[in-house]
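Chemist: Structure of the sequence below:
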Amino acid sequence: MQDHVTPRRVVILGGGFAGLFAARALRRSPVAVTVVDRRAHHLFQPLLYQCASGILSEGQIAQPLRGILRRHHNVSCVLAEATDVDVEARIVHARRPEGGAVELPYDDLIVAVGMRQSYFGHDEFAAHAPGMKTLEDALDIRRRIYRAFEMAETAADDRERRQWLTFALVGAGPTGVELAGQIREIAGHTLDREFQTIDSARARVLLFEGSDAVLGAFGAPLAHRAARTLRGLGVELHLGTTVTAVDAHGLIVKASDGAMTRFEARTVLWTAGVEAPPIAAALARATGAEQDRAGRIAVEPDLTLPGHPEIRVTGDVMSLNRLPGLAEVAMQSGAYAGRSVRHVVEGRTKQPKPFKYWDLGSAAYIARGRAVVKAGPLHLSGFTGWLAWLFIHLAFLTGFRNRLGAVLSWSVAFATSSRRERAFTMPDADVDASVDRAPGPKAPAPPL
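Modeler: Down below sits the predicted model:
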């Protein structure tokens with residue numbers, strides 16, 4: 001029975017869009033909110049590729065959770081990763097970064113843990129083909145992209161040089177399309193005339209996709225326009241293909257007719273597929289909730305779990321009416337869950353209306369001045385699509401400073417093709433295992 005002396009305890013798992021909007025919805029409620037996340041920042045994931053490609057800095061797409069929620073006096077933050085839920089005792093078990101355990105009792109639980117990269121049962125691919133779901137991933141990809149050109153400059157022979165100047169991306173959803181376009185712009189414009197031995201513009205960008213279209217979720221007209229734009233940029237599209245093997249020097253691809261082809265590429269990036277984190281399976285076991293193939297948890301129309309009205313699942317990890325894994329879905333479902341808890345605390349007896357998602361559209365940036373946007377019956381592409389993309393992303397960036405910084409960085413990048421955030425670090429080891437080269441003659445020193 002709820003103690004009327006102490007505030008109602010609300011635990012939110014995840015500080016992404018869903019978790020953040022849930023916490024904001026509870027700002028003025030007489031509840032004690034605890035936001036649990038394995039990272040101390042809120043990340044604007046839709047712009048990760050711009051951090052990876054050197055347009056935006058980490059600070060422009062990530063902001064400390066404590067800073068965002070500093071005026072929410074009923075909210076506290078815990079740096080930990082949820083590992084299990086005791087639904088009978090209503091306790092979340094979590095693990096701190098150094099391994100210590102944390103127990104968090106709750107009266108209401110909002111699950112907003114998002115999704116992680118999926119390799120479709122081939123986790124061994126991850127060592128050679130990083131995904132892009134976290135800030136660490138984006139910085140790793142930035143290192144791999146710009147390192148590739150540096151290594152090509154001092155390559156021992158033409159074969160190695162071609163390998164370094166070949167970039168393979170697996171998955172032609174928004175992330176794959178956006179990254180492919182960025183790498184072509186880097187090669188053809190940003191790095192133009194910066195090297196003496198190589199011609200960066202000759203870099204190959206290969207985009208592999210299992211279906212027969214890029215950006216298939218945007219519909220045939222926009223998918224066709226996006227494919228035409230990508231080909232115009234020089235991106236090589238390989239549709240109807242499945243990756244069967246990845247190593248440090250390339251990948252093997254199976255075509256729809258069963259033919260197997262090996263492509264040599266020192267930089268392979270994985271932009272296909274997501275799956276739920278382990279806590280989703282733990283929660284499903286504890287509550288008897290159903291999960292789909294990707295591990296998303298099936299919820300009731302009010303986002304609660306069957307038989308557990310105190311638990312609400314939101315965002316990407318929520319399975320409801322085939323809703324897509326978009327930031328806007330996370331925002332709206334998180335806010336709905338927060339308001340639902342607030343209504344319970346306020347003693348409202350009226351049954352809440354089922355969650356309804358208002359589709360504000362989807363957008364994908366392809367190249368400078370070119371994007372595609374789908375919002376209901378409205379389909380935009382080219383420069384008009386890019387203007388709409390710009391407005392959407394500015395509207396949802398967290399914090400005035402982030403918006404101002406993004407505008408300044410975009411202005412420089414779009415006007416001059418330069419990228420201010422090209423710095424990357426290299427491992428301390430003398431040889432990085434992921435870039436081992438085949439034996440060959442000593443690489444010549446670049447001309448002075």
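Chemist: for this structure, which spans come out with low pLDDT?
Modeler: In the predicted model of the chain, residues 1-5, 398-403, 415, 428-448 satisfy pLDDT under 70.
Chemist: In contact with the residue nearest to the spatial centre of it: list those residues for me.
Modeler: With distances taken as CA atoms, centre = their mean, residue 133 lies nearest the centre of the chain, 3.6 Å away. Residue 133 makes contact with 45, 48, 115-117, 274, according to CB atoms under 8 Å, 6 or more residues apart in numbering. The way it works is simple: take the backbone N, C-alpha and C, and place the C-beta from them, glycine included.
Chemist: Endpoints of stretch 48-67, how far apart?
Modeler: 20 Å (CA to CA, to the nearest Å).
Chemist: which SSE is the residue nearest to the centre of the chain in?
Modeler: Using DSSP states H and E, residue 133 maps to neither a helix nor a strand.
Chemist: any idea which of the contacts of residue 133 is the one closest to residue 299?
Modeler: Taking CB to CB as the measure, residue 299 sits nearest to residue 115 out of the contacts of residue 133, at 15.1 Å.
Chemist: Count the residues that sit near that closest one.
Modeler: When neighbours are counted by other CB atoms under 10 Å, residue 115 registers 20.
Chemist: now residue 27
Modeler: Using other CB under 10 Å, the number of residues around residue 27 comes to 16.
Chemist: same thing with residue 79?
Modeler: Count around residue 79 with other CB under 10 Å applied: 16.
Chemist: Please tell me how far it sits from residue 110.
Modeler: 18 Å (CB to CB, to the nearest Å).
Chemist: partners of the helix or strand where residue 42 lies, with directions?
Modeler: Assigned by DSSP H and E, residue 42 belongs to strand 41-43. Under the criterion DSSP bridges, strand 41-43 sits next to strand 62-64 (antiparallel) in its sheet.
Chemist: Just the strands from the stretch 1-150 of the chain, written as ranges.
Modeler: 8-13, 31-37, 41-43, 62-64, 75-79, 81-86, 91-95, 101-105, 108-111, 116-117 (DSSP state E, counting those that start in this stretch).
Chemist: do you know which of those strands lies nearest residue 354?
Modeler: With CB to CB as the measure, strand 108-111 is the member of the strands of the stretch 1-150 of the chain nearest residue 354 (17.1 Å).
Chemist: neighbouring contacts of that closest one?
Modeler: 8-14, 18-19, 22, 31, 85, 90, 92, 279-280, 283, 297, 310-314, 317, 334, 337-338, 341, 344.
Chemist: Return the backbone torsion pair for residue 224.
Modeler: phi -60, psi -40 (degrees, to the nearest 10).
Chemist: show me the contacts for it.
Modeler: Shown in contact with residue 224 (CB under 8 Å, 6+ apart): residue 213.
Chemist: so how far is residue 392 from it?
Modeler: 22 Å.
Chemist: likewise residue 186?
Modeler: Distance from residue 186 to residue 392, by CB to CB: 24 Å.
Chemist: Which one's more surrounded, the two?
Modeler: Per other CB under 10 Å, whichever of residue 186 and residue 392 has more neighbours is residue 186, with 24 against 20.
Chemist: and the closest residue to that one other than its chain neighbours, what is it in contact with?
Modeler: Excluding the flanking residues, the one nearest residue 186 by CB to CB, 6 or more residues apart in numbering is residue 53, at 6.3 Å. Residue 53 makes contact with 142, 145, 179, 182-183, 185-186, 419, according to CB under 8 Å, 6+ apart.
Chemist: Considering those residues, which possesses the most neighbours?
Modeler: residue 183 leads the contacts of residue 53 on contacts (other CB under 10 Å) with 28 neighbours.
Chemist: In stretch 301-308, which residues are buried?
Modeler: 302-305, 308 (16 or more other CB atoms under 10 Å).
Chemist: can you give me the helices for the stretch 101-250 of the chain?
Modeler: 135-153, 158-164, 174-185, 220-233 (DSSP state H, counting those that start in this stretch).
Chemist: Can you say which of the ones you listed is nearest to residue 378?
Modeler: Taking the helices of the stretch 101-250 of the chain one by one with CB to CB, helix 220-233 is closest: 10.7 Å.
Chemist: For the closest one, buried residues please.
Modeler: In helix 220-233, counting by 16+ other CB under 10 Å, buried: 222-223, 225-227, 229-230, 233.
Chemist: In the stretch 201-350 of the chain, mark out all the strands, start to finish.
Modeler: Going by DSSP E, counting those that start in this stretch, the stretch 201-350 of the chain shows strands at 204-209, 235-239, 242-247, 250-254, 260-264, 267-270, 274-275, 297-298, 304-305, 308-313, 318-319.
Chemist: Make TSV from these and add distance to residue 373 to it.
Modeler: As requested, those are exported to TSV (distance: least, CB to CB, whole Å):
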stretch	distance to residue 373
strand 204-209	20
strand 235-239	20
strand 242-247	29
strand 250-254	31
strand 260-264	32
strand 267-270	24
strand 274-275	22
strand 297-298	30
strand 304-305	33
strand 308-313	29
strand 318-319	24
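Chemist: Of those strands, which stretch is the most buried?
Modeler: Greatest average neighbour count among the strands of the stretch 201-350 of the chain goes to strand 267-270 (a mean of 26), per mean count of other CB atoms under 10 Å.
Chemist: residue contacts, the nearest residue to residue 49 once chain neighbours are set aside?
Modeler: In space, and not counting its chain neighbours, residue 49 is closest to residue 178: 4.6 Å by CB to CB, 6+ apart. By CB under 8 Å, 6+ apart, the contact set of residue 178 is 49, 364-366.
Chemist: And for residue 230?
Modeler: Residue 230 touches 177, 180-181, 207, 214, 237, 366, counting by CB under 8 Å, 6+ apart.
Chemist: and the gap between residue 104 and residue 396?
Modeler: Counting by CB to CB - residue 104 and residue 396 are separated by 29 Å.
Chemist: Between the two, point out the one with more neighbours.
Modeler: residue 104 (19 against 16).
Chemist: Touching, that one and residue 90? I think so.
Modeler: No. Assessed by CB atoms under 8 Å, residue 104 is found out of contact with residue 90, at 9.6 Å.
Chemist: gap between the nearest residue to residue 191 once chain neighbours are set aside and residue 234?
Modeler: Leaving aside its sequence neighbours, residue 191 sits nearest to residue 200 (CB to CB, 6+ apart; 4.0 Å). For residue 200, the distance to residue 234 (CB to CB) stands at 12 Å.
Chemist: which ones are touching residue 396?
Modeler: Per CB under 8 Å, 6+ apart, neighbours of residue 396: 44, 46, 327, 331.
Chemist: Report the secondary structure state of residue 364.
Modeler: Under DSSP: H, G, I helix; E, B strand; the rest coil, residue 364 falls in the strand class.
Chemist: so what's it bridging to?
Modeler: Beta-bridge partners of residue 364, as defined by DSSP bridges: residue 372.
Chemist: List the contacts of it.
Modeler: So residue 364 contacts 174, 177-178, 215, 218, 226, 371-373, 389 (CB under 8 Å, 6+ apart).
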